[in-house]
Structures are given as C-alpha cells and as structure tokens.
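Student: Give me a model of this one.
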Amino acid sequence: MTKYRTLDKLEESYFRGHPQEVDNYVCEMFEEYAQDGDSAALLASLRVIAKVKGITAIAKQTGMTRQGLQKALSSKGNPRLDNVNSIMTALGYRLTPEKVVTSR
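Tutor: Numbers count the residues shown, from 1 in each chain. Below you'll find the model as predicted:
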C-alpha cells in the first residue's frame with residue numbers, strides 16, 4: 001500500500017529545508033485571509049509554521065499547553081485574539097493594522 005503525505009506535511013518539510021521562505025509565506029497567508037476570510041486555512045498555515053519552529057517551544061512562549069496550542073491552530077479552532085497575538089509573537093511576528101484603500 002502506497003503511503004501518501006498530506007499537504008501540511010509537505011509544507012512542513014519544505015519550510016524546514018527553506019527557512020528563508022517563511023517570512024514571505026506568513027505575509028501571503030495573511031493577504032489571502034484578508035481576501036477570503038478563511039480562518040481555517042489561516043490557522044492551518046500558522047500550525048505548519050509552529051511545527052517548523054517547534055510546537056513545544058511555541059507553547060511555552062505563549063503560556064499555552066502543547067495540546068491547547070494544537071487545538072487553537074486546528075481547523076475547528078477559534079482562538080481568542082490575545083492567543084493569536086501570543087502565537088504570532090512567539091513565531092517572531094506581530095499583528096499590525098494596515099489601512100484598507102477603497103475606491104469611491
């Protein structure tokens with residue numbers, strides 16, 4: 001029986017081998033979220049980056065348990081804003097506002 005890897009495992013493997021690509025990926029995932037509002041996709045992408053950087057270390061930095069962090073970043077997760085902010089900080093990023101330009 002052929003054993004296939006899931007997309008998140010492929011992404012995780014890729015970013016472990018190409019850590020310089022993580023910054024662009026984070027920017028792109030938030031751009032996509034701004035366009036489509038798909039929070040499950042955003043959380044899945046954050047979960048990949050957290051795995052690359054180390055779930056246990058990220059959990060310690062955020063004050064969350066390992067299971068709590070994994071649950072917050074699951075497709076059914078609904079983390080509070082302060083948890084998202086803590087996770088982003090632990091990953092080496094911060095949430096910042098960006099003015100939306102609309103045409104009249």
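
Student: So which residues make contact with the helix or strand encompassing E28?
Tutor: For E28, the host element (DSSP states H and E) is helix 22-36. Applying C-beta atoms under 8 Å, 6 or more residues apart in numbering, the contact partners of helix 22-36 are 15, 38-39, 41-42, 45-46, 49, 52, 91, 93. For every residue, glycine as well, the C-beta is placed using N, CA and C.

Student: Identify each buried residue in stretch 35-42, please.
Tutor: Buried residues in stretch 35-42, counted by 16 or more other C-beta atoms under 10 Å: L42.

Student: same question, stretch 56-65
Tutor: For stretch 56-65, a neighbour-count test (16+ other C-beta under 10 Å) marks 58-59, 61-62, 64 as buried.

Student: what pLDDT does the residue most central in space within the chain get?
Tutor: In the chain, the C-alpha nearest the mean C-alpha coordinate belongs to L46, at 0.9 Å (C-alpha atoms, centre = their mean). With respect to pLDDT, L46 scores 94.

Student: now do R104
Tutor: With respect to pLDDT, R104 scores 71.

Student: and what of A40?
Tutor: With respect to pLDDT, A40 has a value of 90.

Student: Mind giving me the packing neighbours of the helix or strand containing it?
Tutor: Taking DSSP H and E as the definition, one finds A40 inside helix 39-53. Packing partners of helix 39-53 (3 or more C-beta pairs under 8 Å, 6 or more residues apart in numbering; DSSP states H and E): helix 7-17, helix 22-36, helix 66-72, helix 81-91.
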